[in-house]
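Visitor: With the sequence up front, the predicted model follows.
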Amino acid sequence: MKDFFRQNGILLLVIAFLLSVLIGVLSFVMGGKADPLSNIVNAVTTPVRSGVAAAADWVEGVYGYVFRYGEMEAELKELRAKVGELEEQVRRNEEAGRENEQLRALLDLTARRRSFELEDVRVTARSASNWESTLTLSKGTSAGIEAGDCVITETGVLVGIVAETGVNWSTVSTIVNTDTEIGGIVTRTYSAGVLEGDFSLMNQGKLKLNYLPEGAQLVSGDEVLTSGRGDMFPSGLPVGQVEGVYTEPSGKTRYAVVTPSVKLDSLIEVFVIKDFEIAE
Amino acid sequence: MTRRDFIHKWLIYALGLMPVWVLDAYILPRYPLWGITPMLLPLSVAAVAVLEGAGSGTGFGMAVGLFWELAYPGGFGGQVFYLALAGMAMGAVSQYALSQSFLGCLICSAGVLGLLDCLRVVRLLFIKAANLSDLLQVAVPEFLWSLAWTPLVWLLFRAIYNRVGGTKLA
């Protein structure tokens, strides 16, 4: 037995090769669903992942309370002022909403409607690789989560898209990940483009708005929302703000660099849109 | 070494891998240094391969690679074969060319990390995901920051080796 490994190194290498091929084939065949082996391993390691996340969140909370109390107090003051401003804005919007309803009734138009079926989930792990930007969530197929579902924050800001699902876990490809490809629209100019992750921007936590129309006059600070083109993702989800507009090295097309509104490194709880209905 | 001793030994190594995995997967990604998270699993394979030799390095590399593929998102299978091959190569190099020392482990760790990052860069260049300078901006700091964790991983597996490694249980 003691020489088992020494004598069987080559045999193990062949087994490793076969396992590599098997995992590769399974991950290709299963698409957005986790292969059975990954499912078992991730289901077994879920308590560890959840436990570590809970402990780390608690330690960060205590650290923030002890060492960043002044900063938190200032932030609270700022947020209170912002709440006041938003309450005023809501009152104005309610008036506008009522007027809008009356006008729609006069013109016999169908009312706009947005309804989301949401599932609240905790972020239990962040990407351990520097080559991709992902989050691991605490729920999976048992809660009705499927690959391709949108993930948003409590304020409705887009976080990413569910990439892989297991029984009690799922992986989200964040909006800055290189495989992101979502229709985006700039609210001020109604310029539509495609939001795409870019490798050089990913580690700065930013993404690109590609294929901008020729005459689009974007400025820094313009808000970008999802366009909902293709009906795959809901429209009107806030993504971020335009940081700047640049021309591709080819000189033919322009793109905007977008800074996401979501702080990906401090997310604790998010919402998965399991189903949505939007009437425009 | 009896079957029981063999299982006991590799169970201890597996337990040693647990804190490395928790650090690598759940703690260090929360606190990246200049946006970079180190890779600790290849360092574990390097440490065990240097201490235990080629055959054991292959087995441990295969097990760690399998775990990496299954427990981490976005796996496509390649790590199982890569780490098994790396474990075998590092074990053989430490047996015949280097010594079973920290320096040997550091050289082997640099090799396994460097080759892993090279393969990633080549793959991303091949699919035209980014240009070389952008890829090197990730690969070089990742390589250096990961290598900086070699002493900690070496000390952990060296301590395990001193208790149950080689044929000590025989």
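Guide: Yes, it's here. Residues are numbered from 1 along each chain as shown, chains lettered A, B, ... in the order given.

Visitor: low pLDDT regions in the stretch 151-280 of chain A?
Guide: Within the stretch 151-280 of chain A, the stretches with pLDDT under 70 are A:230-231, A:278-280.

Visitor: repeat that with 90
Guide: Residue ranges of the stretch 151-280 of chain A with pLDDT under 90: A:153-156, A:163-169, A:177-193, A:196-206, A:208, A:210-223, A:225-238, A:243-256, A:261-269, A:273-280.

Visitor: Name the residues of the stretch 101-250 of chain A found near chain B, please.
Guide: Contact residues, the stretch 101-250 of chain A versus chain B (Cβ under 8 Å from any Cβ of the partner chain): A:125-132, A:134, A:136, A:163-164, A:171, A:178, A:198-200, A:203-204. (Each C-beta comes from the backbone N, C-alpha and C, glycine too.)

Visitor: Could you pick out the buried ones from those?
Guide: Restricting these to buried positions leaves A:125-132, A:134, A:136, A:163-164, A:171, A:178, A:198-200, A:203, with burial counted as 16 or more other Cβ atoms under 10 Å in any protein chain shown.

Visitor: so of those residues, which ones are in strands?
Guide: A:Ala125, A:Arg126, A:Thr134, A:Thr136, A:Ala163, A:Glu164, A:Thr171 (DSSP state E).

Visitor: what bridges to the third one?
Guide: Under DSSP bridges, the beta-bridge partners of A:Thr134 are A:Ser173.

Visitor: who does the helix of greatest length in chain B touch, helix- and strand-wise?
Guide: Ranked by residue count and defined by DSSP state H, the top helix of chain B is helix B:102-126. Under the contact definition 3 or more Cβ pairs under 8 Å, 6 or more residues apart in numbering or on different chains; DSSP states H and E, helix B:102-126 sits against helix B:41-52, helix B:78-96, helix B:132-147, helix B:150-164.

Visitor: average pLDDT for the third one?
Guide: When you say that, I think you mean helix B:132-147. Mean per-residue pLDDT for helix B:132-147: 89.

Visitor: May I have the secondary structure class of A:Leu225?
Guide: With DSSP: H, G, I helix; E, B strand; the rest coil as the basis, A:Leu225 sits in strand.

Visitor: Tell me how far it lies from A:Gly240.
Guide: Between A:Leu225 and A:Gly240 the distance is 9 Å, computed by Cβ to Cβ, to the nearest Å.

Visitor: who's more crowded, those two?
Guide: The neighbour comparison of A:Leu225 against A:Gly240 (other Cβ atoms under 10 Å in any protein chain shown) goes to A:Gly240, with 25 against 19.

Visitor: Any idea what the more buried one is bridged to?
Guide: Counting by DSSP bridges, the residues bridging with A:Gly240 are A:Val224, A:Pro260.

Visitor: Is it in contact with A:Lys263, as I believe?
Guide: No. Judged on Cβ atoms under 8 Å, A:Gly240 makes no contact with A:Lys263 at a distance of 11.0 Å.

Visitor: Identify the residues contacting residue 84.
Guide: Reading this off chain A. By Cβ atoms under 8 Å, 6 or more residues apart in numbering or on different chains, the contact list for A:Gly84 is empty.

Visitor: Please refer instead to chain B.
Guide: A:Leu12, A:Leu13, A:Ala16, A:Phe17, B:Thr58, B:Gly59, B:Gly61, B:Met62, B:Gly65.

Visitor: Go through the helices and strands packed on helix B:102-126 and pick out the most buried.
Guide: helix B:41-52 (a mean of 29; mean count of other Cβ atoms under 10 Å in any protein chain shown).

Visitor: Average pLDDT for that helix, rounded please.
Guide: 92.

Visitor: now the strands for the stretch 51-200 of chain A?
Guide: Remark: strands assigned in the stretch 51-200 of chain A by DSSP state E, counting those that start in this stretch are A:113-126, A:134-137, A:150-152, A:158-165, A:170-174, A:181-186, A:191-196.

Visitor: Adding distance to B:Val20, write those out as CSV.
Guide: What follows is the strands of the stretch 51-200 of chain A, written out as CSV (distance: least, Cβ to Cβ, whole Å):
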stretch, distance to B:Val20
strand A:113-126, 16
strand A:134-137, 18
strand A:150-152, 30
strand A:158-165, 24
strand A:170-174, 22
strand A:181-186, 35
strand A:191-196, 35
